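In: A structural model of the following input is requested.
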Amino acid sequence: MTTILIADDHPLFRAALKQAVMASFTDADIHEADSLAGLEDLGQKSLPFDVILLDLHMPGTHGFSGLIYLREQYRKVPLVVISATEDVDVIQRAIHFGADGFIPKSASVETMTEAMEKIMAGERWLPEYARRAMPPTLPDHSAMSERITSLTPQQFRVMGMLMEGMQNKVIAYELDVSEATIKAHMTAIFRKLGVRNRTQAVLALKDLAIEPPSVDSN
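Out: You can find the predicted model right below:
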């Protein structure tokens, strides 16, 4: 039996992905997550996934942080980004951060099925236009990935909100904790990232953002 994780917050697209998966793997055991919290719940069960399909835009994640999070949790599992963002730069960075393939959400079910079969066979699958543009060597992002994966789950959540430009008091409200707790988390995040303040943190994390980052001094 092939065990597959589909991580996407859109029910209709998850249904389309399941259709593509079942076309190739009729005995597939499919698990679904629609947020970072859902991913963490599945992670606690230590399920032996054979492939992971990840949307870059999910609640609780920001930019490529979710990809880095899952890559660390499942180092030997083929991990495929499924995204509506189809820019070559985004595709290249997804591969840089550990993805084994990239399937545009605009792809047909037939194309998704073909991509899944090749990825499960150990091949990398990218859209043709992205394959042509892929450089022969990829930048080394291992240092930043190690810093991100050193964060605790709560620090990871706070970091995502920091990247979205939220103020400490707003983060505290969203997580239902005190502002002092958020400040303590921020101190730990800055230390682990090797920075001193919000501005430096956002600049250090800019490669994780799909959209240009925002900075708030509070």
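
In: now Ala133, nearest residue through space, not along the chain?
Out: Val88 (4.8 Å; C-beta to C-beta, 6 or more residues apart in numbering). Every C-beta, even on glycine, is put in place using the N, C-alpha and C of the backbone.

In: per-residue confidence at the one you found?
Out: As predicted, Val88 sits at a pLDDT of 88.

In: Same question for the one 3 residues further on.
Out: Looking at Ile91, its pLDDT reads 90.

In: so how many other residues sit close to it?
Out: 24 (other C-beta atoms under 10 Å).

In: quick one: Phe102 is in a strand?
Out: Yes - judged by DSSP: H, G, I helix; E, B strand; the rest coil, Phe102 forms part of a strand.

In: how near is it to Asp9?
Out: Distance of Phe102 to Asp9, given as C-beta to C-beta, to the nearest Å: 18 Å.

In: same thing with Asp50?
Out: The value you get for Asp50 to Asp9, if C-beta to C-beta is used, is 22 Å.

In: sorry, back to before: ok, Phe102 and Asp9, which is more surrounded?
Out: Phe102 (25 against 16).

In: now that one, which residues is it bridged with?
Out: Legend: beta-bridge partners of Phe102 under DSSP bridges are Val81.

In: From what I see, it and Gln92 are in contact.
Out: No - assessed by C-beta atoms under 8 Å, Phe102 is found out of contact with Gln92, at 9.0 Å.

In: what residues do these two have in common as contacts?
Out: Residues touching both Phe102 and Gln92 by C-beta atoms under 8 Å, 6 or more residues apart in numbering: Ala130.

In: Quick check: phi and psi at Phe25.
Out: phi -130, psi 90 (degrees, to the nearest 10).

In: 43 is where my numbering starts, stick with that
Out: Happy to do that; since the first residue is 43 now, the last one works out to Phe67.

In: And the pLDDT for it?
Out: 81.

In: which residues touch the closest residue to Lys147 other than its chain neighbours?
Out: In space, and not counting its chain neighbours, Lys147 is closest to Ala126: 4.4 Å by C-beta to C-beta, 6+ apart. Neighbouring residues of Ala126 by C-beta under 8 Å, 6+ apart: His99, Pro146, Lys147, Ser148.

In: Please report how far the residue lying closest to Thr194 once chain neighbours are set aside lies from Met208.
Out: Nearest residue to Thr194 in three dimensions, chain neighbours excluded: Ala230, at 7.9 Å (C-beta to C-beta, 6+ apart). Plainly put, Ala230 is 17 Å away from Met208 if you go by C-beta to C-beta.

In: These two: which has the busier surroundings?
Out: Ranked by neighbour count (other C-beta under 10 Å), Ala230 and Met208 place Met208 first, with 19 against 16.

In: okay but that one is in contact with Ala214, surely?
Out: No - shown here, Met208 and Ala214 do not form a contact pair, counting by C-beta under 8 Å, at 9.6 Å.

In: buried residues in the strand or helix carrying Ile133?
Out: Under the criterion of DSSP states H and E, Ile133 resides in helix 130-138. Within helix 130-138, the residues scored as buried using 16 or more other C-beta atoms under 10 Å are Val132, Ile133, Gln134, Arg135, Ala136, Ile137, His138.
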